[in-house]
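J.: no sequence for this one, just the structure:
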């Protein structure tokens, strides 16, 4: 299925709404909002317009598609779509500092260009704007009590996101992370917000509680599949696709699915080779290659793709359980399959 | 007026509500919430209980006092009081990184103990919790539409806070900041949230729009007075009171009220001495003393206290304009006078 009709229909109004939500009338604040625009892919470092890589806009697309599938006009869900995308970008701006990442989407990260203090504050500004955006749901005719329910679901995901991020950072220093711990971590770091995107779309459409639950589960499982796939790309993905050299996430000691799978598998066989490799002070090129060799021995590549595939099938089952059939629903299914199987 | 009766009445339930809002049932997340508890003054670096300095709890006290003055039970405003205090602490955790501050309230800052990446995320976690707390207003019987109005006011203040912080950081590199620019900066950085604290208290009590506006103006002017007073303390306050050596904010190139006043005043006389001093690469002890001497020449000390006093009088006038007379209102007036005139 081509995703182009989805992008053609949803991205132009979404980009417009994102621009409206990050505008200022005060000239002295143009630098603050300009840094957000840079991160969002609209301007260069001098704030001159540029058609940069804006990322996938996955979360708002899911929210808008679910809203339409469940019977709402797209516009009604737009404040939530904006909030979801701004929240995702807030987390990226802060992640880039936390992970010491110098580039994102082929360009220097915000902290690399403007320094850590301003980058922290730009992320905070994006976070604050998510909340103002969400409050506009009631201007779109969503009843106040339902708007509050949507706000609560969104903010529960925000809390889960920071909890997942805490665990992710803690795991970097550990060599005994279990698959169960890893799955709880990505549940917070990734799946909670993608689940919230779908939950909000259904809530805003006024879907019955069971349908809301099915869509939320669809999003959560899709989020798990997406993150595991992303972990795979971080190890074996080609630089042209990921923007990062092969093996990059290994060098950065990320406890991603393949590494945790291999640690778990080897630990149960009493094999401490991988633990010993990770205990070295620095992971040089030779060590990284040795680690990749150990991952190959335990088939971590195939096992990772299998795990992503299993979550995708659970997501598709939850989507089917809604019993809804229409164009937006077909697009949702196509988008989910495309996302969870991207390799190149 | 002794403030002790205020503390006795409001602080115990507030502290309990703050603890309830930052609790986790998941053992693996205790480190995340433990860092928040450390910052809030309840535990030491090993997460063992400690009676630390928790700060003044100014914003939640104002919110609770206004709510009671305007006729609401204290409990109804408690979710907003919690949100206000958590938001203030979120901003402190991030400010300490942005300002490279190693100590706060006599203890190492969060980033100093656990590193910048975790500290950024702890701040983000506090921010996310503010929003969950606010959503609980409707559980306290505040009608959904009014809850949404309170959320909107709170989040407008959050956006203003990040805008003010942007300007504050930008000003450090400038020597031509005007008093007008400075006042707009502290309006965002400090007064917006203190204004929101009072606005929320009145909104939650269901006060009529004019009363809400009077209380909000009271808070905003009090916030201006408070920040200018704080600027004074940052230059001339004794170390025992401020926790920082005399002249500390001068060394850090803060464009605070006395410095901006002096720059403004000297600029209109064509005197570039202060500009030249600030253009030096580093502000050593001698330079700092020279700057303090120039501030004395233009009476920056007295002018700063006068400015704070003028804002305080505007705040008191707005408070009186509500026409309300009761115990909570009397306490509000006493708290405001005490805050805006603290010198020791």
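T.: In hand now; what should we look at? Remember, it's a predicted structure, so these values are computed and weren't measured experimentally. Numbering: from 1, shown residues only, chains lettered A, B, ... in the order given.
J.: For the residue lying closest to residue A:53 once chain neighbours are set aside, give me its contacts.
T.: Once flanking residues are discounted, residue A:53 sits nearest to residue A:105: 4.1 Å by Cβ to Cβ, 6 or more residues apart in numbering or on different chains. (C-beta placed from N, C-alpha, C; glycine too.) Contacts for residue A:105 (Cβ atoms under 8 Å, 6 or more residues apart in numbering or on different chains) come out as A:41, A:52, A:53, A:54, A:55, A:243.
J.: Just the strands from chain A, written as ranges.
T.: Secondary structure of chain A, counting by DSSP state E: strands at A:103-104, A:107-108.
J.: Average pLDDT for the last one, rounded please.
T.: Translated: strand A:107-108. For strand A:107-108, mean pLDDT rounds to 94.
J.: Residue A:247 touches residue A:292, doesn't it?
T.: Yes: applying Cβ atoms under 8 Å, one finds residue A:247 in contact with residue A:292, separated by 6.0 Å.
J.: Give me the common contacts of these two.
T.: Applying Cβ under 8 Å, 6+ apart, one finds that residue A:247 and residue A:292 are jointly contacted by residue A:235.
J.: So what's the residue count around residue A:271?
T.: Using other Cβ atoms under 10 Å in any protein chain shown, residue A:271 is surrounded by 16 other residues.
J.: residue closest to the middle of chain A?
T.: Using Cα atoms, centre = their mean, the residue of chain A that lies closest to the mean C-alpha position is residue A:190, 5.3 Å off.
J.: Look up how far residue A:160 lies from it.
T.: 10 Å (Cβ to Cβ, to the nearest Å).
J.: Can you pull the residues that touch both of those two?
T.: Shared contacts of residue A:190 and residue A:160, defined by Cβ under 8 Å, 6+ apart, are absent.
J.: what sits against residue A:168?
T.: Counting by Cβ under 8 Å, 6+ apart, the residues that residue A:168 touches are A:185, A:189, A:255.
J.: try it again with 6 Å
T.: Residues counted as contacts of residue A:168 (Cβ atoms under 6 Å, 6 or more residues apart in numbering or on different chains) are A:185, A:189.
J.: one step back: nearest residue to the residue nearest to the centre of chain A other than its sequence neighbours?
T.: The shortest distance from residue A:190 to any non-neighbouring residue, by Cβ to Cβ, 6+ apart, is to residue A:227 (4.0 Å).
J.: In the stretch 201-344 of chain A, what residue lies closest to chain B?
T.: Relative to chain B, the nearest point of the stretch 201-344 of chain A is residue A:252 (12.4 Å; Cβ to the nearest Cβ).
J.: Can you report phi and psi for that residue?
T.: Per-residue torsions, residue A:252: phi -90, psi 10 (degrees, to the nearest 10).
J.: quick one: the residue nearest to residue A:190 and residue A:186 touch, right?
T.: Yes: using Cβ atoms under 6 Å, residue A:227 makes contact with residue A:186 at a distance of 4.4 Å.
J.: out of the two, which sits in the more crowded spot?
T.: Just comparing residue A:227 and residue A:186: by other Cβ under 10 Å the higher neighbour count belongs to residue A:227, 25 against 22.
J.: any idea how far that one is from residue A:172?
T.: Counting by Cβ to Cβ - residue A:227 and residue A:172 are separated by 16 Å.
J.: Give me the neighbour count for residue A:116.
T.: Residues lying near residue A:116 (other Cβ under 10 Å) number 16.
J.: I misspoke; the intended subject was residue A:3.
T.: Residues near residue A:3, counting by other Cβ under 10 Å: 14.
J.: Roughly how far does it sit from chain B?
T.: Distance, residue A:3 to chain B, using Cβ to the nearest Cβ, to the nearest Å: 31 Å.
J.: ok, now residue A:87?
T.: Distance, residue A:87 to chain B, by Cβ to the nearest Cβ: 10 Å.
J.: Not counting its neighbours along the chain, what's nearest that residue?
T.: Computed as Cβ to Cβ, 6+ apart, the closest residue to residue A:87 that is not its neighbour in sequence is residue A:130, at 4.6 Å.
J.: residue contacts, the one you found?
T.: With contact set as Cβ under 6 Å, 6+ apart, residue A:130 has these partners: A:83, A:86, A:87.
J.: cool, residue A:74 as well?
T.: Taking Cβ under 6 Å, 6+ apart, we find residue A:74 in contact with A:64, A:68.
J.: Surely residue A:288 and residue A:249 touch.
T.: No: using Cβ under 6 Å, residue A:288 makes no contact with residue A:249, being 10.1 Å away.
J.: Spell out, range by range, the helices that occur in the stretch 1-150 of chain A.
T.: Secondary structure of the stretch 1-150 of chain A, counting by DSSP state H, counting those that start in this stretch: helices at A:4-21, A:30-39, A:58-69, A:74-98, A:110-114, A:116-135, A:144-172.
J.: Save these as a markdown table, and put in distance to residue B:95 too.
T.: Output for these, formatted as a markdown table (distance: least, Cβ to Cβ, whole Å):
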| stretch | distance to residue B:95 |
| --- | --- |
| helix A:4-21 | 25 |
| helix A:30-39 | 16 |
| helix A:58-69 | 29 |
| helix A:74-98 | 15 |
| helix A:110-114 | 16 |
| helix A:116-135 | 9 |
| helix A:144-172 | 18 |
